[in-house]
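S.K.: my questions are about this predicted structure, shown below with the sequence.
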Amino acid sequence: MNADLKTRGTKGASVTPASNGFRLTIPASSQSEYRLAQLDDYKNLARSNFLSHPPLTLSLRARASSQAIPGTWGFGLWNDPFGLSLGFGGNPFQLPALPNAVWFFHASEQNYLSFQSEKPAQGFIAQSFRAPKFHRLLIPAGLAFPFSRKTTRKYLGRVIDEDSAAVSVDVTQWHDYRLEWSPNRSAFWVDDVPVLESPVSPRPPLGLVIWIDNQFAAFRPDGKISFGVLAGREERLEIEGPEIKRSLV
């Protein structure tokens, strides 16, 4: 295992070495049990000490056990914005932050993970977020939250730059995934076919994350917020790699 990569998971979940990579497995679960299997390179690090800065290229091969895993899974780079273990196995004892991420992300239908109504919010997507540490519009967003979550979402959509594209592949089959992150651009390929090129480039530093869980979260255009965990059978995410080059290909 890469010396920087650490595993974490809930009861019954596992991250095991496999041929040229890893197998992440979460057990069958009920709607009251959170399940997570994760690899990352930022365990116990403050966000300011995360390891990844642009330019870099992340490459790996992957396949999932189902086209419709209840919850989320994916791989890429992010700033672990939830903190306090409030989502996706985040680091403990960090305050939440606005999202910065560049990743391939699969979200089941219960999720709605976009602040832009015209962007894909579920399914398998290539996605990038760029957000400041603070923005003057966060003040009215916070003030509006108790009265109108729809207005709060509108403000957040103006603060957080976002781009994404649906990725139409059979995720149960092996595919080659690559993303490039430069200071002014993010770009994604599947099997050497481009699926998204965007000027939205997240703010560094970021951490590498590969995960599968049974969680959902939604902040819908009508302002409705929902989150929780989903019942499901045993599910797996298999990885060959990952490989990070601290330059662009």
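M.R.: Here it is on my side, so go on.
S.K.: flag the helix or strand of this structure with the lowest per-element mean pLDDT.
M.R.: Across the helices and strands of the chain, mean confidence by mean pLDDT, DSSP states H and E is lowest for helix 138-144: a mean of 41.
S.K.: where in this structure is pLDDT low?
M.R.: 1-3, 83-95, 134-151, 153-155, 157, 249 (pLDDT under 70).
S.K.: run through the helices of it in chain order.
M.R.: 138-144, 149-159 (DSSP state H).
S.K.: now do the buried residues in the longest strand along the chain.
M.R.: If you go by DSSP state E, the chain has its longest strand at strand 235-245. Going by neighbour count (16 or more other Cβ atoms under 10 Å), the buried part of strand 235-245 is 235, 236, 237, 238, 239, 240, 241, 242, 244. From N, CA and C alone the C-beta is placed, and that goes for glycine too.
S.K.: let's have those in JSON lines, adding distance to residue 160.
M.R.: Converted to JSON lines, the buried residues of strand 235-245 look like this (distance: Cβ to Cβ, whole Å):
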{"residue": "235", "distance to residue 160": "29"}
{"residue": "236", "distance to residue 160": "32"}
{"residue": "237", "distance to residue 160": "27"}
{"residue": "238", "distance to residue 160": "32"}
{"residue": "239", "distance to residue 160": "28"}
{"residue": "240", "distance to residue 160": "32"}
{"residue": "241", "distance to residue 160": "29"}
{"residue": "242", "distance to residue 160": "26"}
{"residue": "244", "distance to residue 160": "25"}
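S.K.: where's residue 117 relative to residue 216, distance?
M.R.: 19 Å (Cβ to Cβ, to the nearest Å).
S.K.: ugh, wrong one, residue 71
M.R.: 6 Å.
S.K.: repeat that for residue 34.
M.R.: With Cβ to Cβ as the criterion, residue 34 and residue 216 are 11 Å apart.
S.K.: also residue 197?
M.R.: For residue 197 relative to residue 216 (Cβ to Cβ), the value is 29 Å.
S.K.: likewise residue 128?
M.R.: 21 Å.
S.K.: list the buried residues of stretch 99-118.
M.R.: Buried-residue list, stretch 99-118, by 16+ other Cβ under 10 Å: 99-108, 110-115.
S.K.: kindly report the same for stretch 28-39.
M.R.: 29, 33, 34, 35, 36, 37, 38, 39.
S.K.: now do stretch 192-202: everything it contacts.
M.R.: 54, 77-79, 100-102, 126, 128-130, 161-165, 167, 176, 178, 181-189 (Cβ atoms under 8 Å, 6 or more residues apart in numbering).
S.K.: any of the residues you listed buried? List them.
M.R.: 54, 77-79, 100-102, 126, 128-130, 161-165, 167, 178, 181, 185-189.
S.K.: chain neighbours aside, what residue packs nearest to the residue most central in space within the chain?
M.R.: When Cα atoms, centre = their mean is applied to the chain, the residue found nearest the centroid is residue 105 (5.5 Å). Distances taken as Cβ to Cβ, 6 or more residues apart in numbering place residue 74 nearest to residue 105, at 4.1 Å, with adjacent residues excluded.
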